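Undergrad: return atomic coordinates for the entry below.
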Amino acid sequence: PDVYQEMEASRNKGVPGAPGNFPTAKEIGQGSAGPFCTPSVGNTATIAKELLLSGTSPTAEALVLKGKAPALACGSIQPSQQLEYLAHIQGFQVQYSDRQTDKEFMTYLTLSPVQMTFHGIGSSIPASHDQAALSALKQLSEQGLDPVDR
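TA: Numbers count the residues shown, from 1 in each chain. Have a look, this model is predicted:
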């Protein structure tokens with residue numbers, strides 16, 4: 001199976017709708033360096049791949065040991081939480097914009113300052129956020145933050 005199938009399978013093993021023990025945006029923003037660190041562009045693809053495969057990232061943990069970021073808690077971590085964690089470590093921001101149609105929700109997700117946009121569709125706002133975040137994680141795992149490099 002490929003990376004994405006493995007990620008989906010591992011994500012589906014968790015209890016649906018169970019929140020992970022992920023730090024809140026407020027907790028993340030309480031670091032001495034402010035809410036966002038200086039990006040380490042070379043690590044973005046590696047961290048995104050690790051998060052997709054196993055829900056954890058040894059590369060990110062190494063940054064945690066250096067005091068650059070809070071640890072990502074174990075458990076069933078949703079893609080939107082993984083993306084927020086990656087954004088915090090790599091120094092970019094994630095913004096969600098939601099719309100509702102008859103029976104589903106659509107989310108537009110923007111990463112800045114890299115100006116990358118993704119979308120997701122789901123039966124609830126959290127589900128559409130996760131779909132958009134999964135799209136972002138997949139692309140980041142393949143190309144990193146290339147638009148920032150150029």
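Undergrad: output the contacting helices and strands for the helix ranked longest in the chain.
TA: For the chain, the helix with the greatest residue count under DSSP state H is helix 125-143. Helix 125-143 sits against helix 3-13, helix 41-54, helix 79-90, strand 93-100, strand 105-112, strand 116-122, with contacts defined as 3 or more C-beta pairs under 8 Å, 6 or more residues apart in numbering; DSSP states H and E. C-beta: built from backbone N, CA, C; applies to glycine.
Undergrad: in this structure, where is pLDDT below threshold?
TA: 1-42, 63-76, 146-150 (pLDDT under 70).
Undergrad: quick one, the longest helix of the chain and helix 79-90 angle?
TA: 50 degrees (axes from the mean of the first three to the mean of the last three C-alpha atoms, to 10 degrees).
Undergrad: pull out the buried positions in helix 125-143.
TA: By 16 or more other C-beta atoms under 10 Å, the buried positions in helix 125-143 come out as 127-141.
Undergrad: what's the closest of those residues to Ser97?
TA: The closest of the buried residues of helix 125-143 to Ser97 turns out to be Ala132 (C-beta to C-beta; 9.7 Å).
Undergrad: for the closest one, which residues are in contact?
TA: Listed by C-beta atoms under 8 Å, 6 or more residues apart in numbering, the contact set of Ala132 reads Ser80, Tyr96, Thr107, Tyr108, Leu109, Phe118, His119, Gly120.
Undergrad: cool, Glu142 as well?
TA: When contacts are counted by C-beta under 8 Å, 6+ apart, Glu142 touches Ala45.
Undergrad: can you tell me the helix or strand for Lys103?
TA: Lys103 belongs to no helix or strand when elements are defined using DSSP states H and E.
Undergrad: ok, now how distant is it from Ser97?
TA: 19 Å (C-beta to C-beta, to the nearest Å).
Undergrad: out of the two, which sits in the busier spot?
TA: Ser97 (12 against 6; other C-beta atoms under 10 Å).
Undergrad: so that one touches Thr117, yeah?
TA: No - using C-beta atoms under 8 Å, Ser97 is not in contact with Thr117; the gap is 9.6 Å.
Undergrad: between these two, which contacts overlap?
TA: What both Ser97 and Thr117 touch, as defined by C-beta under 8 Å, 6+ apart, is the set Tyr108, Leu109, Thr110.
Undergrad: what subset of the residues you listed is buried?
TA: For the shared contacts of Ser97 and Thr117, buried by 16+ other C-beta under 10 Å: Leu109, Thr110.
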